[in-house]
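Chemist: Okay, structure incoming, though there's no sequence with it:
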């Protein structure tokens, strides 16, 4: 009987915890304003602009199956100081931001010629350290994994780190 009561108490506690929304930290210096927060979906949307220093990465990735075509992926990896200034769920803090307008951001950072080389698969991966102004930030937690997406509004300054991993087609035109 005692074990059954203990089990019931634990289950009630867990049920109550499941309905508790995650803590959301919103530093006032971020420059962003929350426009919506869906606690059930654990998804918060922000308007405004925030300055982020970090590395913009453009890379080609394969799908799960080897015969799937490669797709481009654009990620902004903020430095720790920038991450601390952005809204986040402390229990599920994100480390990367998926960039909505990756092509345009790459073109703004490195110019049309380099962006075109990437789009033609002549370069597998590009990294650009810089300072970016982001907007339309959306943060969330999906399947116990943090997510973040944003649009790069402006490239403030950049310092190309590398054009890495050239494609086997580098000499083709």
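Modeler: Done, it's in. Just so it is clear, the structure is predicted and the values come from calculations on it, not from any experiment.
Chemist: My guess is residue 139 contacts residue 96. True?
Modeler: No - between residue 139 and residue 96 there is no contact, the gap being 11.5 Å when judged by C-beta atoms under 8 Å. Using the backbone N, CA and C atoms, a C-beta is placed for each residue, glycine as well.
Chemist: more neighbours, the two?
Modeler: Neighbours were tallied for residue 139 and for residue 96 using other C-beta atoms under 10 Å; the higher tally belongs to residue 139 (26 against 16).
Chemist: could you point out which element follows the helix or strand of the chain with the lowest mean pLDDT?
Modeler: For the chain, using mean pLDDT, DSSP states H and E, the weakest element among its helices and strands is helix 2-18, scoring a mean of 46. Stepping forward along the backbone from helix 2-18, the first helix or strand reached (DSSP states H and E) is strand 32-38.
Chemist: Report all helices and strands that that next one contacts.
Modeler: Packed against strand 32-38 by the contact rule (3 or more C-beta pairs under 8 Å, 6 or more residues apart in numbering; DSSP states H and E) you find strand 43-61.
Chemist: The strand it packs on pairs with which strands, and in what direction?
Modeler: On the basis of DSSP bridges, the sheet neighbours of strand 43-61 come out as strand 32-38 (antiparallel), strand 71-78 (antiparallel), strand 123-142 (antiparallel).
Chemist: Including mean pLDDT and distance to residue 115, could these go into a markdown table?
Modeler: Shown next, in a markdown table, are those (pLDDT from 0 to 100; distance: least, C-beta to C-beta, whole Å):
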| stretch | mean pLDDT | distance to residue 115 |
| --- | --- | --- |
| strand 32-38 | 94 | 27 |
| strand 71-78 | 96 | 11 |
| strand 123-142 | 94 | 9 |
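Chemist: now the ones you listed in a markdown table, with distance to residue 152?
Modeler: Rendered in a markdown table, the data for the strands paired with strand 43-61 read as follows (distance: least, C-beta to C-beta, whole Å):
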| stretch | distance to residue 152 |
| --- | --- |
| strand 32-38 | 14 |
| strand 71-78 | 7 |
| strand 123-142 | 5 |
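Chemist: Need the winner for burial among the ones you listed.
Modeler: Scoring these by mean neighbour count under mean count of other C-beta atoms under 10 Å gives strand 123-142 as the most buried, with a mean of 20.
Chemist: ok now that one, how far from the chain's centre?
Modeler: 6 Å (C-alpha atoms, centre = their mean, to the nearest Å).
Chemist: same question, stretch 49-65
Modeler: On C-alpha atoms, centre = their mean, the centre of stretch 49-65 falls 7 Å from that of its chain.
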